[in-house]
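S.K.: structure, please.
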Amino acid sequence: MSEVLEYKCPACGGTLAFDADSQKMKCPYCDSEFEVTEAKAAQPGSIALEQKPTGEMSDVVSYSCPSCGGEIIGDANFVATRCPFCGNTAIISTRLAGVLRPDLVIPFAINKDAAKEALKNFYRGKILMPGEFASENKIEDITGIYVPYWLFDCEAGGSVEYNATRVTMWQDRKFRYTKTDYYRVYRDGKVSFERVPVDGSKKMPDDYMEAIEPFDYSGMMAFDTPYLAGYAADKYDVSADESIPRVHERLKNTLLDLFGQTVNGYSGVTPTRTNLHFSHHTVKYALLPVWILNSVYRGTTYMYAMNGQTGRFAGRLPVSWGRFWAWFLGMFAGLGAIGTLIVMLL
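M.R.: Okay, the predicted model is just below:
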């Protein structure tokens, strides 16, 4: 048995949803608005529903919508989803208990209409995109989903050795001279990091989730279930321990970049030896807001992800090869004309 939560409007009995614009719970029927704490206090209680098997697919389950009775189908990881018939949100409270309960949440700050408009803006200025793509492709699906993230507080440190060169050139009336000095450069140190994010969902492409960072942690607050109303949400299926290799890789790249920024004044720098180490102090479980948009163009589905708090976009666009070659040849011709002009001036 599972418990499904719904937040009912105290004014008319409709199902409330969290509104990204007002940051309050809003009724879509009577437009009444309530603070999250008010909506939670008015919540009539959980409804016990039996999880129904769906054939041989053990990772797919279904529930009856407590509002309309329609069948809600999802995988074993969803904790909130919208009924396809009445649009109301079902929140599976038993999947938000104990170690599965998030510590933190960043509420959605951008609504669905703004997400659609942001996708149009994302298309603009892409000179290699087919000209008809923006007008012919259609948004097949748009979903606001709280993605599970692990936030690590870490300390990273170590040392890096570099081979560096400094080239000096001068000339007199007869000769040109080049002097190359060789150096061995050594750097060591440590850096503390707070809330390094790693998504804990196998569904979400890691490159997309990293591309829409950063999130503004000043908008983060203690988790509460009303924030999920009106959106989908998943529980993690990649544990904190399983996420540590990705944390190490992210910290390694950042640390090497920070060390490299201190090696200045040389003509060339090559790292030769690195010795890095990492330690983890705390990890928090958070749900962070992401809009997932799928559009279809000439039979192909294109997926986009947008940070539901900041609006940062990530996605892949189709390329018009005709436009690509026209651009490439035009650029090559332009460089050739500049080269010819330089030769003529000389």
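S.K.: okay but Asp19 is in contact with Asp31, surely?
M.R.: No - using Cβ atoms under 8 Å, Asp19 is not in contact with Asp31, being 10.0 Å away. (Glycine included, C-beta is placed from N, CA and C.)
S.K.: would you confirm that Lys202 contacts Val238?
M.R.: Yes - proximity of Lys202 to Val238 meets the contact threshold set by Cβ under 8 Å, at 6.1 Å.
S.K.: so these two - more neighbours on which side?
M.R.: Per other Cβ atoms under 10 Å, whichever of Lys202 and Val238 has more neighbours is Val238, with 17 against 11.
S.K.: before we move on, the earlier item: so between Asp19 and Asp31, which is more surrounded?
M.R.: Remark: of Asp19 and Asp31, Asp19 carries more neighbours, 18 against 11, as counted by other Cβ under 10 Å.
S.K.: just give the nearest non-adjacent residue to the more buried one, would you?
M.R.: What sits nearest to Asp19 in space, not counting adjacent residues and going by Cβ to Cβ, 6 or more residues apart in numbering, is Lys26, at 4.0 Å.
S.K.: okay, now that neighbour: neighbour count?
M.R.: A count of neighbours around Lys26, defined by other Cβ under 10 Å, yields 23.
S.K.: any idea of the pLDDT on it?
M.R.: Looking at Lys26, its pLDDT is 92.
S.K.: shaky segments in the stretch 201-346 of the chain?
M.R.: For the stretch 201-346 of the chain, applying pLDDT under 70 flags the ranges 318-346.
S.K.: go again with 50.
M.R.: For the stretch 201-346 of the chain, the stretches flagged by pLDDT under 50 are 324, 327, 340-346.
S.K.: show me the helices in the stretch 151-300 of the chain, by range?
M.R.: In the stretch 151-300 of the chain, the helices defined using DSSP state H, counting those that start in this stretch lie at 206-211, 240-261.
S.K.: could I get those as CSV with distance to Met169 and mean neighbour count?
M.R.: Listed next are these as CSV, based on distance: least, Cβ to Cβ, whole Å; neighbours: other Cβ atoms under 10 Å:
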stretch, distance to Met169, mean neighbour count
helix 206-211, 42, 15
helix 240-261, 25, 15
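S.K.: do you know which of those lies nearest Leu317?
M.R.: Closest of those to Leu317 is helix 206-211, at 13.5 Å (criterion: Cβ to Cβ).
S.K.: who's in contact with that closest one?
M.R.: Identification of contacts with helix 206-211 by Cβ atoms under 8 Å, 6 or more residues apart in numbering yields 147, 199, 246, 290, 303, 305, 312, 314-315.
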